[in-house]
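Trainee: pasted the sequence and its predicted model underneath.
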Amino acid sequence: MNAPLNAPWTAKVLTLYPEMFPGTLGHSLAGRALADDLWRLEASDIRAYATDRHHMVDDTPAGGGPGMVMKPDVVARAIDAARADFAAAPVLYLSPRGKPLHQDRVRALSEGPGVVLLCGRFEGVDQRVIDGRALEEVSIGDFVLSGGEPAAICLIDAVVRLIPGVMGAAETLAEESFTGDLLEYPHYTRPQEWEGRRVPDVLLSGHHGRISSWRREQAESLTRERRPDLWSRYLARDGRGPRPTDMQPIAVSRKD
């Protein structure tokens, strides 16, 4: 039976280390929202779906080579159990070959019922279960992790903060980095002078139009300097440049 339509957004995590959850998700905004049942978290031990007496979840790679590969039959049973009452949710595999996770995808996930996240270990999972269960491979950055759990926590945190009621005022989400393909402008607060550095005069002017223009100029300058890929997308969205190609793949390795 599928979950109730009014159930809160739910993350079902398939992992060899369920004790890693909720981890940082149990603190601050996400933790308070979890305690208030604005979202739910279920961490399932993949090893529980192994049928041999040693609960083996991996085996040597076909064709030889170093490391081990997670077995397709065990992983598939874990996925099928997670989706038994959650058929509408996408199944994402944190993978070095995955598409980069963009804010638009995060927002789309926040608007759905939830997500099933598969955390890889060792050399990854058997390709047959990726194909057989139509897993969506997702990556969070060009760096190496020992497993998918930290990446899953990052993804969940990014989604949870967009759930209504988690962040408080909706206006706090309106001018963040990646909104409209721009990085966020710099922020300042009191004291007005610190170590010889002053808050820009325009921010003290009380002139909302000038402040808004300054912030837009700063966001554009930072994006152009630091993220030419986003800048190209911004220009294309604004009708000032060619439509850019997709960003280069961002890899997250799955090795112990």
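Mentor: Nice, thanks for sending it over.
Trainee: which residues in the stretch 1-150 of the chain form strands?
Mentor: Remark: strands assigned in the stretch 1-150 of the chain by DSSP state E, counting those that start in this stretch are 9-15, 39-45, 58-59, 69-70, 91-100, 114-118, 136-139, 143-145.
Trainee: summarise which helices and strands the last one is packed against.
Mentor: Which is strand 143-145. When contacts are defined as 3 or more CB pairs under 8 Å, 6 or more residues apart in numbering; DSSP states H and E, strand 143-145 sits against strand 252-254. Bear in mind the C-beta positions are built from the backbone N, C-alpha and C, glycine included.
Trainee: the fourth one too?
Mentor: Secondary structure elements in contact with strand 69-70, counted by 3+ CB pairs under 8 Å, 6+ apart, are strand 58-59.
Trainee: I'd like the mean pLDDT over the strand it packs on, please.
Mentor: Mean pLDDT, strand 58-59: 97.
Trainee: quick one: strands adjacent to that strand?
Mentor: When pairing is defined by DSSP bridges, strand 58-59 lines up against strand 69-70 (antiparallel).
Trainee: what sits up against the partner strand?
Mentor: 46, 57-62, 120-126 (CB atoms under 8 Å, 6 or more residues apart in numbering).
Trainee: now do the contacts for residue 117.
Mentor: Taking CB under 8 Å, 6+ apart, one finds 11-14, 91-94, 148, 152, 155-156 in contact with residue 117.
Trainee: now the helices for the chain?
Mentor: In the chain, the segments counted as helices under DSSP state H are 28-35, 72-83, 103-110, 127-132, 149-160, 208-226, 228-237.
Trainee: for the last one, packing partners?
Mentor: Using 3+ CB pairs under 8 Å, 6+ apart as the contact criterion, the secondary-structure elements in contact with helix 228-237 are helix 208-226.
Trainee: list the contacts of the helix it packs on.
Mentor: 175, 181-186, 200, 202-203, 205, 230-231, 234.
Trainee: mind running it again at 6 Å?
Mentor: By CB atoms under 6 Å, 6 or more residues apart in numbering, the residues outside helix 208-226 that reach it are 182-183, 185-186, 202, 230-231.
Trainee: okay, the angle between it and helix 228-237?
Mentor: 130 degrees (axes from the mean of the first three to the mean of the last three CA atoms, to 10 degrees).
Trainee: residue 6: how many residues sit nearby?
Mentor: 5 (other CB atoms under 10 Å).
Trainee: picking up where we left off before, can you redo the strands of the stretch 1-150 of the chain as a markdown table with distance to residue 80?
Mentor: Shown next, in a markdown table, are these (distance: least, CB to CB, whole Å):
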| stretch | distance to residue 80 |
| --- | --- |
| strand 9-15 | 11 |
| strand 39-45 | 12 |
| strand 58-59 | 19 |
| strand 69-70 | 15 |
| strand 91-100 | 10 |
| strand 114-118 | 10 |
| strand 136-139 | 16 |
| strand 143-145 | 26 |
